[in-house]
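[1] Got a predicted model here, sequence first, then my questions.
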Amino acid sequence: MPTTNPRIGAIVVALALAIAVGAGAWYGSRGDSPVVAEAVGGVLYTTVAETIIVHVSGSVHRPGLVTVRSSARIADVIAAAGGATPRADLGGLNLAATVRDGDQVVVPVPGEASPASGGSTQGIDLNRSTAAELEELPGVGPVLAARIVAFRESNGPFSVVEDLLDVGGIGEAKLATMRDAIAAP
């Protein structure tokens with residue numbers, strides 16, 4: 001039975017790691033999600049970091065669309081847009097608030113009202129909330145929240161709040177109790 005030289009195994013792992021890192025550098029230079037490669041116990045793991053796109057406007061150096069990590073905060077989004085201008089009024093923004101794909105962050109100047117960042121001004125967003133977040137709606141427990149998410153995944157985003165009437169277990173009375181806690185789609 002032939003024996004394997006332990007140095008050959010180490011060389012193979014190092015070569016695989018070098019290829020993965022090179023591929024990650026090439027893939028990351030394309031402007032897509034960066035690839036992260038890591039060797040653990042002789043096994044090479046690669047992952048693609050999830051990113052989102054956020055619209056930044058107002059008093060920033062480079063307004064427009066920015067790509068950030070899915071765990072980004074408003075402060076990260078402003079930094080990705082080149083930072084706030086000297087005129088920016090950051091006092092009205094919650095820089096620690098998380099952002100979601102498709103959100104808009106508006107950085108005001110002094111004297112302007114601080115607009116709400118994101119797609120809605122208040123309430124639970126039917127089209128973006130997780131099942132756990134939907135449970136914050138009055139009268140919605142885990143089962144109904146799961147039905148809302150399943151309906152949204154099968155039928156696409158809710159166009160109007162009344163679309164909830166098509167979800168099993170939601171009638172006019174239940175919708176009336178939830179309506180004030182829901183952000184308009």
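    Cool, got the structure.

[2] The nearest residue to residue 80 once chain neighbours are set aside: helix or strand, and which one exactly?
    Leaving aside its sequence neighbours, residue 80 sits nearest to residue 66 (CB to CB, 6 or more residues apart in numbering; 4.0 Å). Yep, even glycine has a C-beta here, placed from its N, CA and C like the rest. Secondary structure from DSSP states H and E places residue 66 in strand 64-69.

[3] Give me the longest strand you can find in this protein.
    Longest strand in the chain by number of residues (criterion: DSSP state E): strand 51-58.

[4] related to what we said a few turns ago, list the buried ones in the strand holding residue 66?
    66, 68 (16 or more other CB atoms under 10 Å).

[5] so what strands line up beside the longest strand of the chain?
    strand 64-69 (antiparallel), strand 104-107 (parallel) (DSSP bridges).

[6] related to what we said a few turns ago, ok, now how distant is the residue nearest to residue 80 from residue 83?
    12 Å (CB to CB, to the nearest Å).

[7] sorry, back to before: you'd agree the residue nearest to residue 80 is up against residue 57?
    No - proximity of residue 66 to residue 57 does not meet the contact threshold set by CB atoms under 8 Å, at 10.9 Å.

[8] returning to what we had before: pull the residues that contact the strand holding residue 66.
    Here strand 64-69 makes contact (CB atoms under 8 Å, 6 or more residues apart in numbering) with 31, 49-57, 76-77, 80-81, 99.

[9] Widest-spaced pair of these?
    Within the contacts of strand 64-69, 49 and 57 form the most distant pair, 25.3 Å apart (CB to CB).

[10] all strands of this structure, in order?
    Listed in chain order, the strands of the chain (DSSP E) span 35-40, 43-48, 51-58, 64-69, 104-107, 124-125, 182-183.

[11] re the thing from before, lowest-confidence stretch among the strands paired with strand 51-58?
    Mean pLDDT is lowest for strand 104-107 among these, at a mean of 88.

[12] can you list the weak-confidence ranges in the protein?
    1-6, 9-10, 12-18, 20-49, 112-122, 184-185 (pLDDT under 70).

[13] can we see that at 80?
    1-49, 92, 111-123, 183-185 (pLDDT under 80).

[14] Can you report how many residues neighbour the residue lying closest to residue 90 once chain neighbours are set aside?
    The shortest distance from residue 90 to any non-neighbouring residue, by CB to CB, 6+ apart, is to residue 84 (6.0 Å). Residues contacting residue 84 under the criterion other CB atoms under 10 Å number 20.

[15] so residue 84 touches residue 78, yeah?
    Yes - the pair residue 84 / residue 78 is scored as a contact, 5.5 Å apart, by CB under 8 Å.
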